[in-house]
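1. Coordinates only, no sequence provided:
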């Protein structure tokens, strides 16, 4: 987790490099937001995006988000 309220980035990768990411933040009023989210086309529909988003949402919870 970032010290400035950023909950990420969360990344997915294989042995050749990164294949996706999810960047989330939590504002001072405790609103969580997915800032950016991406999975490379060949890796879509494999559950990677679901995993990244789930981890991003969990990070928001850790930072005390009351709205997402």
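-> All right, it came through fine. All figures in this text were calculated on a predicted structure; none of them were measured in a lab. Numbers count the residues shown, from 1 in each chain.

2. okay, CA-based contacts and neighbour counts for the rest of this
-> Fine.

3. Where does the prediction get shaky in the protein?
-> Counting by pLDDT under 70, the chain shows low-confidence ranges at 1-14, 16.

4. Name the nearest residue to residue 65, ignoring sequence neighbours.
-> Counting by CA to CA, 6 or more residues apart in numbering, residue 65 lies nearest to residue 30, which is 4.5 Å off, once chain neighbours are set aside.

5. Show me where this structure has its helices.
-> For the chain, applying DSSP state H gives helices covering 48-62.

6. Tell me which stretches of it form strands.
-> Chain-ordered strands for the chain, with DSSP state E as the definition, fall at 10-14, 17-26, 32-39.

7. Tell me which of these sits nearest to residue 55.
-> Distances from residue 55 to each of those were compared by CA to CA, and the smallest falls on strand 10-14, at 7.1 Å.

8. picking that back up, residues in contact with the residue nearest to residue 65?
-> 64-67 (CA atoms under 8 Å, 6 or more residues apart in numbering).

9. ok, so of the residues you listed, who is nearest residue 24?
-> Of all the contacts of residue 30, residue 24 sits closest to residue 65, with 11.0 Å by CA to CA.

10. That closest one is in contact with residue 34, isn't it?
-> No: with contacts counted by CA atoms under 8 Å, residue 65 stays clear of residue 34, the gap being 11.9 Å.

11. Those two: which has the busier surroundings?
-> It is residue 65, of residue 65 and residue 34, that has more neighbours when counted by other CA atoms under 10 Å, with 20 against 17.

12. residue contacts, that one?
-> 26, 30-32.

13. Generate the PyMOL command that creates a selection of the buried members of the residues you listed.
-> Those of the contacts of residue 65 that count as buried under 16 or more other CA atoms under 10 Å are selected in PyMOL with:
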select buried, resi 26+30+32
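
14. Adding distance to residue 57, write the contacts of residue 65 out as JSON lines.
-> Output for the contacts of residue 65, formatted as JSON lines (distance: CA to CA, whole Å):
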{"residue": "26", "distance to residue 57": "10"}
{"residue": "30", "distance to residue 57": "13"}
{"residue": "31", "distance to residue 57": "12"}
{"residue": "32", "distance to residue 57": "8"}
